[in-house]
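only geometry, no sequence info:
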């Protein structure tokens, strides 16, 4: 069965809208096609570019969330050392 890349592109854009509602489609598309010649780009190439962008954006979001947790925990180191055995702190 042949893949309909046009529909696949729309599906990725819909997923981006659901996962990142604060960003508009224009920002997503401008970021995706920044390094490409859009006039000569086939639907298949555009699909792979958008899919790659969506996966990278998802990965970056998870990394940002992990960093936020690390920063939050780092701001509470005093309470960590108060609860820990003083000999274990060194």
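Arrived safely. Fair warning: this is a prediction, and the values are worked out from it, not measured in the lab. Residues are numbered from 1 along each chain as shown.

now residue 53: which helix or strand?
According to DSSP states H and E, residue 53 maps onto helix 43-74.

which elements pack onto that helix?
helix 5-19, helix 25-33 (3 or more C-beta pairs under 8 Å, 6 or more residues apart in numbering; DSSP states H and E). C-beta: built from backbone N, CA, C; applies to glycine.

excluding chain neighbours, what is closest to the residue nearest to the spatial centre of the chain?
Nearest residue to the geometric centre of the chain (C-alpha atoms, centre = their mean): residue 57, 2.0 Å. The shortest distance from residue 57 to any non-neighbouring residue, by C-beta to C-beta, 6 or more residues apart in numbering, is to residue 20 (6.9 Å).

do residue 58 as well
residue 19 (7.1 Å).

residues near the one you found, how many?
Using other C-beta atoms under 10 Å, residue 19 is surrounded by 12 other residues.

swap in residue 12?
Neighbour count for residue 12, taken as other C-beta under 10 Å: 21.

and the closest residue to it other than its chain neighbours, how many neighbours?
With C-beta to C-beta, 6+ apart as the criterion, residue 12 has its nearest non-adjacent residue at 4.8 Å, and that residue is residue 50. As a burial measure, residue 50 scores 24 neighbours (other C-beta under 10 Å).

does residue 50 touch residue 11 like I think?
No. Contact between residue 50 and residue 11 fails when scored by C-beta atoms under 8 Å: they sit 9.7 Å apart.

list the buried residues of the helix holding residue 53.
Buried residues in helix 43-74, counted by 16 or more other C-beta atoms under 10 Å: 46-47, 49-51, 53-54, 57.

how far off helix 5-19 does that helix point, in degrees?
Angle between the axes of helix 43-74 and helix 5-19 is 20 degrees (criterion: axes from the mean of the first three to the mean of the last three C-alpha atoms, to 10 degrees).

now helix 43-74 and helix 25-33, what's the angle there?
Using the same axes, to 10 degrees: helix 43-74 against helix 25-33 is 110 degrees.

coming back round to it: distance of the residue nearest to the centre of the chain relative to residue 33?
Residue 57 is 15 Å from residue 33, where distance means C-beta to C-beta, to the nearest Å.
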